[in-house]
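Asks: Below: sequence and its predicted model.
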Amino acid sequence: MSDRNADIKARADEALSNEKKLAEVVEELAVGSRRERQNAASVLHVVAKANAESLVPHCDKLIDALNRPEAQTRWEVLEALTLLVPLDARTCGKAIPEAETALFDEESGPVRLAAMRFLCKIGATTANRSDKVWPLIDEGIQCYHGDLEFNDMLIALVDFSVGKLSDNVKEAFKARMAFDAANGKGTLQRRAQQIVDNL
């Protein structure tokens, strides 16, 4: 484990056991230097994996952090918000505009992947939300088909396919994946077929 990873883990452990320390890390997303914001985002991603519930009161500040310029802060915060969706989908839903911006970030594959994961997770919660995010997810499928991170995006898309989707989204999603299910190769074909079967 590198020094940075050890430091991130130590700070996350401290934040998990001390609400005041957790609040201090959240504040660093807004006031810290670029490096401090990145480190804070990494700590909060670890916290979210261990105990997402502890971050629910800080959801609005996490959403605000999606407006920071550096990619790492945005993708780590998106990953944390994805873990928060089952606990507070209504508040997390406010991040959809920022997630849209992240989905079409031309500089960073991890940011695009984190945005797709978040949009799939939030869209799977209700039929209305599925209608809201589907145009973004659909465009993302078309834009990143064949890109390095597309295989990982497919995992999120499989999860989305078993969510509470509207009938319109189910039909459109099935139509979008039908070609790959019939003509794709390897993992792409298998996951596309799984999505079609789920729908």
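Replies: Done, it's in.

Asks: Could you measure from the residue nearest to residue 163 when sequence neighbours are not counted over to residue 23?
Replies: Nearest non-adjacent residue to residue 163, counting by C-beta to C-beta, 6 or more residues apart in numbering: residue 124, 2.4 Å away. For every residue, glycine as well, the C-beta is placed using N, CA and C. Using C-beta to C-beta, to the nearest Å, one obtains 30 Å as the distance from residue 124 to residue 23.

Asks: quick one, which of those two is more surrounded?
Replies: Using other C-beta atoms under 10 Å, the more surrounded residue of residue 124 and residue 23 is residue 124, with 21 against 13.

Asks: In the chain, what residue spans correspond to helices?
Replies: All helices of the chain, identified by DSSP state H, fall at 3-17, 19-31, 34-51, 59-65, 71-84, 89-92, 96-103, 109-123, 127-144, 150-161, 167-183, 186-198.

Asks: Just the CA atoms of the second one, as CSV, please.
Replies: Looking back up the chat, that one is helix 19-31. Output in CSV follows, covering the C-alpha atoms of helix 19-31 (Å, rounded to 0.1, in the frame of the first residue of the first chain):
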residue,chain,number,x,y,z
GLU,A,19,-18.7,13.0,12.7
LYS,A,20,-16.7,16.2,13.2
LYS,A,21,-13.7,14.8,11.3
LEU,A,22,-16.1,13.6,8.5
ALA,A,23,-17.6,17.1,8.3
GLU,A,24,-14.1,18.5,8.0
VAL,A,25,-13.2,16.2,5.1
VAL,A,26,-16.5,17.2,3.3
GLU,A,27,-15.6,20.9,3.8
GLU,A,28,-12.3,20.3,2.0
LEU,A,29,-14.2,19.5,-1.2
ALA,A,30,-15.2,23.2,-1.3
VAL,A,31,-12.2,25.0,0.2
